[in-house]
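J.: With the sequence up front, the predicted model follows.
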Amino acid sequence: LCRFPLRSVRGIPLMEPIAQSWESIWSFCPDPSDLLISTYPKAGTTWTQEIVDLLLHNGDAEACKRATVAVRIPFLEIISPPPIPSGLDLLNKMNPPRVIKTHLPIQLVPEGFWKNKCKVIYVARNAKDNLVSYYHFDRMNHTQPDPGPWDGYIHKFMKGELAWGSWYDHVKGYWEERENRNILYLFYEDMKENPRHEVERIMKFLDLSLSDDVIGSIVELTSFKAMKDNPMTNYTFLPEEIFDHSVSPFMRKGEVGDWANHFSSEQLQLFEEDYERQMKGTNIPFRMNI
Ligand code: A3P
């Protein structure tokens, strides 16, 4: 096992094995009943996956626990080292309606999702916390390129040189299309601030109507603490050679505003000036604190 290098696919740096199998990923055709959960890495993917799965199982935690979140909800483009099968292998063994995870920017999402008008849930997280979380993830995830020192990592993030490309383009791409396509655009910060409200929004988007008690239990089952203690969601099921939780746990802090513990004042100034440039003309309501 090694840290895979990145290779550009249509201008987006992807891990080498994903770039190699790009044609089969691009030609994947979903069923109209399939649901896509899309994020830039570290924006709250696993959290949203667990909420969706519990909603679809009427809050039945046991039903959701039968397999890990990685197997229940295939990662469309991932070519995993064993024991996790590849996303396409898993999907081809499942009957629709399926829930599918992706980190692809909108222009690389296979066209069948749009042709078939599939529902898409997009989760965005403020740039600074997203960057901090990605940095710690790249330290512990031995399949992604080594993050190197923090200062250099900030620059890679700003230049879109990390796996899955530019955060700025990613969040903007889905934002601009959210009304033309069937996209529910969520924010990590809203989920933290009022999880029940966001769980209810997802429920309505899925055309479900669950009792107040069930919604309440889903909120509890998907708290940071519950998911950190749940071996089906905390990724401790992966071998240490893949995710080394002793370097940094996958369920690390789960907070809004942890960026303040990482940036020096010079780094902050540089980052914010660049942010203004890259986000100019957009009005995505990101919150860096709640
Ligand atoms: P931190 O590194 O800031 O702790 P993803 O699933 O997209 O890889 O995102 C992982 C990030 O979401 C991590 O952020 C993780 O702690 C956080 N997270 C996961 N489940 C969460 C929950 N239930 N509540 C809050 N944050 C959660």
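T.: Nice, thanks for sending it over. Numbers count the residues shown, from 1 in each chain.

J.: Please give me every residue in contact with the residue most central in space within the chain.
T.: Computing the C-alpha centroid of the chain and ranking residues by C-alpha atoms, centre = their mean puts residue 45 first, at 3.3 Å. Going by C-beta atoms under 8 Å, 6 or more residues apart in numbering, residue 45 touches 37, 39, 101, 103, 123. For glycine as for every other residue, the C-beta is placed from the backbone atoms N, C-alpha and C.

J.: What's opposite the first one in the beta bridge?
T.: So that's residue 37. Taking DSSP bridges as the rule, residue 37 bridges to residue 101, residue 121.

J.: Count the residues that sit near it.
T.: 27 (other C-beta atoms under 10 Å).

J.: Might one say that it is in contact with residue 49?
T.: Yes. Using C-beta atoms under 8 Å, residue 37 is in contact with residue 49, at 5.9 Å.

J.: shared neighbours, these two?
T.: 73, 99, 101.

J.: Shouldn't residue 83 be within a strand?
T.: No. Read with DSSP: H, G, I helix; E, B strand; the rest coil, residue 83 is coil and lies in no strand.

J.: Kindly provide the distance from residue 202 to the ligand.
T.: Residue 202 sits 13 Å away from the ligand, going by C-beta to the nearest ligand atom, to the nearest Å.

J.: Likewise for residue 50?
T.: Applying C-beta to the nearest ligand atom to residue 50 and the ligand gives a distance of 7 Å.

J.: burial of that residue, as a residue count?
T.: Count around residue 50 with other C-beta under 10 Å applied: 23.

J.: same deal with residue 192?
T.: Residue 192: 19 surrounding residues under other C-beta under 10 Å.

J.: ok, for it, nearest residue in space, not its chain neighbours?
T.: residue 256 (5.2 Å; C-beta to C-beta, 6 or more residues apart in numbering).

J.: And for residue 61?
T.: Leaving aside its sequence neighbours, residue 61 sits nearest to residue 221 (C-beta to C-beta, 6+ apart; 5.6 Å).

J.: Doesn't residue 171 belong to a strand?
T.: No. Counting by three-state DSSP, residue 171 falls outside a strand, being helix.

J.: Which secondary structure state is assigned to residue 7?
T.: strand.

J.: Near the ligand, which residues of this structure? Just list them.
T.: By C-beta under 6 Å from any ligand atom, the residues of the chain that approach the ligand are 39, 41-47, 129, 133, 136, 222-224, 227, 251-254, 258.

J.: How far off centre is stretch 60-79?
T.: Distance of stretch 60-79 from the chain centroid (C-alpha atoms, centre = their mean, to the nearest Å) equals 14 Å.

J.: Sorry, slip of the keys, the one I care about is stretch 162-179.
T.: Using C-alpha atoms, centre = their mean, the offset of stretch 162-179 from its chain centre is 12 Å.

J.: Do a quick rundown of the strands in the stretch 51-200 of the chain.
T.: 99-102, 119-124, 183-187 (DSSP state E, counting those that start in this stretch).

J.: I'd like those laid out as CSV, including distance to residue 194, mean neighbour count and mean pLDDT.
T.: As requested, the strands of the stretch 51-200 of the chain are exported to CSV (distance: least, C-beta to C-beta, whole Å; neighbours: other C-beta atoms under 10 Å; pLDDT from 0 to 100):
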stretch, distance to residue 194, mean neighbour count, mean pLDDT
strand 99-102, 23, 24, 98
strand 119-124, 15, 24, 99
strand 183-187, 11, 20, 98
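
J.: Let me have those strands in CSV, extended by distance to residue 24.
T.: Formatted as CSV, the strands of the stretch 51-200 of the chain follow (distance: least, C-beta to C-beta, whole Å):
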stretch, distance to residue 24
strand 99-102, 14
strand 119-124, 21
strand 183-187, 25
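
J.: looking at these, which is closest to residue 232?
T.: strand 99-102 (14.7 Å; C-beta to C-beta).
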